[in-house]
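S.K.: Predicted coordinates and the sequence they were generated for:
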Amino acid sequence: MSKNILVTGGCGFIGSNFVRFVLANRDDVKITNLDVLTYSGNPENLADLQNDSRYNFVHGDIRDEELLGKLFDECDAVVHFAAESHVDRSILDSKPFIESNVLGTQILLDAARKAWGTEKGRFVHVSTDEVYGDLPLDKPELLFTESTPLNPHSPYSSSKAASDLLVMAAHHTFGLNVNITRCSNNFGPYQFPEKVIPLFVTNLIEGKKVPLYGDGRNVRDWLHVDDHCEAILTVLEKGINGEVYNIGGNNERSNLELTHMILEVMGKGKDMIQPVEDRLGHDRRYAIDPTKIKTQLGWQPTRSAWPQALEATVKWYVDNAGWWQRVKSGAYREYYQKQYG
Ligand SMILES: NC(=O)c1ccc[n+]([C@@H]2O[C@H](COP(=O)([O-])OP(=O)(O)OC[C@H]3O[C@@H](n4cnc5c(N)ncnc54)[C@H](O)[C@@H]3O)[C@@H](O)[C@H]2O)c1
């Protein structure tokens, strides 16, 4: 097992849940969290670990080669979450996606290769099912497997697919020890409230309507973030060098079904739905076949069953209004100043 893990993007939604998950489940591991704190990076997500000697936060960019040189000397694995992650933002401006997701990943790979060569280290690259493109609604038997061809549609998913290819190039060309994980949509605590579940829940608490894209029939495969974190840790500990693992929970829901469930949990009527013009190039359906990680590594989800897991997530946002209010108002940016100067 790796003892010193460099986590990139650990102040974001999944990264912060991963840091907390690993430290709660492994005693002998130290984590360095490298995060540049874009708009979605919030060190308050890990405020509870402030005094844990196994956790160290470094404010910096994955494109800072000098900084990476120092950090890689002290770690034996990297779990790479850092990315621009929101499809809608990539449609408005794709440049930051190329800079962080593509160039940033290549710089990180070069630093790992220089520090570790072919013998040591493990580079786990956290990717997405969106690199496979989408599936038709009328063929429910079709699922994404690891051998489904990459066919990304948005600037976001294209930048992630490019980074996946660069990771495999580092493996084949230089012998770097790598894994790629491709997960479906995550839900759970600390998700930036631009993404559908926290956006809808917090809008409803604020008395606002929820903006539903197009006909609402687009289907996503929902997995609880802690199941995702456990799967990534499983890949880090047991993954076969050079392999890709799909991660999902066979939990397909249309956006309309998701919206109705949120409205029901929150005791609101369907009149709170505000239909809005569809997202450009909106993928119809994502659905993961997780057979490989189940059979090869023995992982399967245990925390993602609906409606309970969705209800618990809605309750988290209701109970932690201070957290998302500081995010929505921008006040969360003051936390870094207070803690780190
Ligand atoms: N959210 C999902 O449902 C989902 C599903 C599958 C895969 N993923 C992947 O998981 C990863 C994390 O997603 P998320 O939802 O937590 O995203 P997020 O936007 O919440 O967090 C991204 C984090 O990366 C940091 N970051 C961005 N650019 C950086 C840079 N150049 N240097 C250092 N730090 C940088 C940000 O400050 C932020 O803390 C992404 O790679 C994403 O593609 C997400």
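M.R.: Cool, got the structure.
S.K.: Please make it C-alpha for all contacts and neighbour counts, starting now.
M.R.: Noted.
S.K.: Now residue 232: phi and psi?
M.R.: Here is the backbone geometry of residue 232 (degrees, to the nearest 10): phi -60, psi -40.
S.K.: and it, what pLDDT?
M.R.: What the model reports for residue 232 is a pLDDT of 98.
S.K.: Skipping adjacent residues, who's closest to it in space?
M.R.: Using Cα to Cα, 6 or more residues apart in numbering and skipping residues adjacent in sequence, the residue nearest residue 232 is residue 181, 7.2 Å away.
S.K.: which residues of the stretch 201-341 of the chain score low on pLDDT?
M.R.: Applying pLDDT under 70 to the stretch 201-341 of the chain flags residues 335-336, 339-341.
S.K.: can you pull out the helices in it?
M.R.: For the stretch 201-341 of the chain, applying DSSP state H, counting those that start in this stretch gives helices covering 225-238, 255-265, 291-297, 308-319, 321-329, 333-340.
S.K.: in the third one, what's buried?
M.R.: By neighbour count, and taking 16 or more other Cα atoms under 10 Å as the criterion, the buried residues in helix 291-297 are 291-294, 297.
S.K.: Would you check which pair of the residues you listed lies furthest apart?
M.R.: Within the buried residues of helix 291-297, 291 and 297 form the most distant pair, 9.9 Å apart (Cα to Cα).
S.K.: and the buried residues of helix 291-297 near the ligand, which?
M.R.: Among the buried residues of helix 291-297, no residue is within reach of the ligand (Cα under 6 Å from any ligand atom).
S.K.: The ligand contacts on the stretch 101-250 of the chain?
M.R.: Counting by Cα under 6 Å from any ligand atom, the stretch 101-250 of the chain comes close to the ligand at 104, 126-128, 183-186, 192.
S.K.: Now tabulate these in TSV and tack on pLDDT, distance to residue 17 and secondary structure.
M.R.: Converted to TSV, these look like this (pLDDT from 0 to 100; distance: Cα to Cα, whole Å; DSSP: H, G, I helix; E, B strand; the rest coil):
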residue	pLDDT	distance to residue 17	secondary structure
104	98	22	helix
126	98	14	strand
127	98	16	strand
128	98	17	strand
183	98	15	strand
184	96	16	coil
185	96	15	strand
186	98	11	strand
192	94	13	coil
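S.K.: any chance of those residues in JSON lines, plus neighbour count?
M.R.: Shown next, in JSON lines, are these (neighbours: other Cα atoms under 10 Å):
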{"residue": "104", "neighbour count": "21"}
{"residue": "126", "neighbour count": "22"}
{"residue": "127", "neighbour count": "24"}
{"residue": "128", "neighbour count": "20"}
{"residue": "183", "neighbour count": "25"}
{"residue": "184", "neighbour count": "25"}
{"residue": "185", "neighbour count": "21"}
{"residue": "186", "neighbour count": "20"}
{"residue": "192", "neighbour count": "20"}
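S.K.: can you tell me how far the residue in the chain sticking out farthest from the centre sits from residue 256?
M.R.: Distance from the C-alpha centroid of the chain peaks at residue 271, with 31.5 Å (Cα atoms, centre = their mean). According to Cα to Cα, to the nearest Å, residue 271 stands 13 Å off from residue 256.
S.K.: any idea of the pLDDT on residue 48?
M.R.: 94.
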